[in-house]
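Q: The following comprises the amino acid sequence and a computationally predicted model.
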Amino acid sequence: MELYIPTKNYNIFGTQFNGLSQAGMYGDDYQGATNYPLIRLQNNATGHVSYCRTHNHSTMAVATGSATVSTQFDIPANAEAGASKLFVVANGIPSNSVNVTVQ
């Protein structure tokens, strides 16, 4: 897959993008939801990491099991070009990587 920088509204589909819980909360003053996917790009040559903004999630439900879900992401202008690995991160847990080329 080739990705062009900076580009917006890439679609990505998979399972369990929103993790298994809405994350931490305590008392009546803090609820830090983490049940949304992050996209991480890691350049193969340098190891540098860029995070992509995600938006337009197909669901915010948690523990979606084998249901296919989707989100869109935007590649930041500072993402390094070249062969990279793409990860979807849910509740701090990265997926297996997918090889991509950022151009």
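A: Perfect, thanks for sending it.
Q: ends of stretch 72-87, how far apart?
A: End-to-end distance of stretch 72-87 (Cα to Cα, to the nearest Å): 14 Å.
Q: the strands in the protein, which residues?
A: 2-3, 10-15, 23-26, 30-33, 38-43, 49-55, 68-74, 82-90, 93-94, 98-102 (DSSP state E).
Q: Let me have these in a markdown table, extended by mean neighbour count and mean pLDDT.
A: To be clear about C-beta, it is placed using only N, CA and C from the backbone, and glycine gets the same treatment. What follows is the strands of the chain, written out as a markdown table (neighbours: other Cβ atoms under 10 Å; pLDDT from 0 to 100):
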| stretch | mean neighbour count | mean pLDDT |
| --- | --- | --- |
| strand 2-3 | 12 | 74 |
| strand 10-15 | 14 | 86 |
| strand 23-26 | 11 | 60 |
| strand 30-33 | 10 | 62 |
| strand 38-43 | 19 | 95 |
| strand 49-55 | 16 | 94 |
| strand 68-74 | 17 | 89 |
| strand 82-90 | 18 | 93 |
| strand 93-94 | 12 | 87 |
| strand 98-102 | 15 | 94 |
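Q: Now the ones you listed in CSV, please, with extra columns for distance to residue 62.
A: Formatted as CSV, the strands of the chain follow (distance: least, Cβ to Cβ, whole Å):
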stretch, distance to residue 62
strand 2-3, 28
strand 10-15, 13
strand 23-26, 9
strand 30-33, 10
strand 38-43, 15
strand 49-55, 16
strand 68-74, 11
strand 82-90, 9
strand 93-94, 13
strand 98-102, 23
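Q: How far does stretch 80-88 sit from its chain's centre?
A: Here stretch 80-88 is found 12 Å from its chain centre; the criterion is Cα atoms, centre = their mean, to the nearest Å.
Q: and for that stretch, what are the contacting residues?
A: Residues external to stretch 80-88 that are found in contact with it (Cβ atoms under 8 Å, 6 or more residues apart in numbering): 1, 3, 5, 12, 14, 17, 37-46, 48, 50, 94-103.
Q: Mind doing that once more with 7 Å?
A: Contacts to stretch 80-88, defined as Cβ atoms under 7 Å, 6 or more residues apart in numbering, come from residues 5, 12, 14, 17, 37, 39-46, 48, 94-95, 97-103.
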